[in-house]
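> Need the 3D shape of this:
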Amino acid sequence: MVAIAVRGLVVALIAVVVVGATIYVHDQNEAPPPLVDADGNVIEDTTGFTEVPGFFDGSAPHELVRYDLPEATVTPPLAEGVEAITFPDLWAPGDFKLDVPPEARLGTPTKDTFEDGMTDEDIANFFLDMSDMREMQPRVGRVRDELDGKRVRLAGYASPVGFELDERQFLLVPELGACVHVPPPPPNQVIYVDYQQLAPEVGDPVWVTGTLRATPVATILADVGYRLEDVTVEPYR
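As a prediction, this is how the structure comes out:
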């Protein structure tokens, strides 16, 4: 319960920074701002960065995102019938639409989840912060239906979907901090992992193997283009 209060405060502060950055980007009377990373650091050398569709509309404080998992020192062997993929393999041009009421989003906490002493106003502000963060997510890129049912493995960073201490489901994202510290990437660059054990810690790099479903999912953190079922999770080292 303490975690949700702290995380809500962090999101609120970040949202203020993001809105300020967005206004700056849209100010046509100023010289183009320097490229910055997700933490606001100026990118001096863009070598190795990959453009992510949807991040060029001023909806995020950074224009480039690096699929920057360090090179693995140990790569687990692929099981028979499993295909190794990366996040760019999930991309397809097009539109994304998912109309779900806020209270029906997966990971939405109940009032009992919040820290004792939080007022109704505090709780309302938390949900407003979550909504603001989702509004910054680019709604571009469709899912690739032809990938549905494939057994795949890919690496990414974990972000638990909800706020319970025993949270099991998590999001797999290509960028450290996405969906928690920075706006979510486009929906088809986010995977909902239906895990049966405790979710990895926020920001943990992991290998995930499972059956890919091209089925959008609405979560409190982001709209999600894909989900993984029957999964195994291994540390990424």
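> residue ranges of the strands in the chain, please?
83-84, 151-160, 170-173, 191-193, 205-213, 217-218, 223-224, 226-235 (DSSP state E).
> between the second one and strand 205-213, how big is the angle?
Using axes from the mean of the first three to the mean of the last three CA atoms, to 10 degrees, the inter-axis angle of strand 151-160 relative to strand 205-213 is 120 degrees.
> so what strands line up beside strand 151-160?
In the sheet, strand 151-160 lines up against strand 83-84 (parallel), strand 170-173 (antiparallel), strand 205-213 (antiparallel) (DSSP bridges).
> got the contact list for the nearest residue in space to W207 that is not next to it in sequence?
Residue nearest to W207 in three dimensions, not counting chain neighbours: E234, with 4.4 Å by CB to CB, 6 or more residues apart in numbering. C-beta here means a position set from N, CA and C on the backbone, and glycine is covered the same way. Applying CB atoms under 8 Å, 6 or more residues apart in numbering to E234 gives the contacts 76, 206-209.
> export those to a markdown table and tack on distance to R139 and pLDDT?
Converted to a markdown table, the contacts of E234 look like this (distance: CB to CB, whole Å; pLDDT from 0 to 100):
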| residue | distance to R139 | pLDDT |
| --- | --- | --- |
| P76 | 34 | 91 |
| V206 | 27 | 96 |
| W207 | 29 | 97 |
| V208 | 24 | 97 |
| T209 | 29 | 97 |
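> Columns distance to P184 on top of the strands of the chain, output as CSV?
Putting the strands of the chain into CSV (distance: least, CB to CB, whole Å) gives the following:
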stretch, distance to P184
strand 83-84, 24
strand 151-160, 9
strand 170-173, 7
strand 191-193, 12
strand 205-213, 18
strand 217-218, 12
strand 223-224, 8
strand 226-235, 13
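> Out of the ones you listed, flag the one nearest D99.
strand 217-218 (8.7 Å; CB to CB).
> Note down every partner strand of the closest one and its orientation.
Partner strands for strand 217-218, per DSSP bridges, with pairing direction: strand 223-224 (antiparallel).
> Let me see the residues that make contact with the partner strand.
Outside strand 223-224, the residues touching it (CB under 8 Å, 6+ apart) are 96, 98, 134, 137, 139, 171, 184, 187, 190-192, 216-218.
> Scan those and report the most crowded one.
V190 (29 neighbours; other CB atoms under 10 Å).
> now it: how far from L172?
When distance is defined by CB to CB, to the nearest Å, V190 is 7 Å away from L172.
> swap in M133?
Distance from M133 to L172, by CB to CB: 18 Å.
> neighbour-wise, which of these two wins?
Neighbours per residue, other CB under 10 Å: of M133 and L172, the larger number sits with L172, 28 against 22.
> list the contacts for the more buried one?
154, 156-159, 190-191, 193, 206, 208, 228.
> what's the lowest-pLDDT member of those?
pLDDT across those is lowest for S159, at 88.
> Please enumerate the helices of the protein.
Secondary structure of the chain (DSSP state H): helices located at 2-26, 120-135.
> By mean pLDDT, show me the worst of the ones you listed.
Looking at the helices of the chain, the bottom one is helix 2-26 with a mean of 38.
> residues near Y195, how many?
Neighbour count of Y195, defined by other CB under 10 Å: 22.
> Please consider this matter closed, and thank you.
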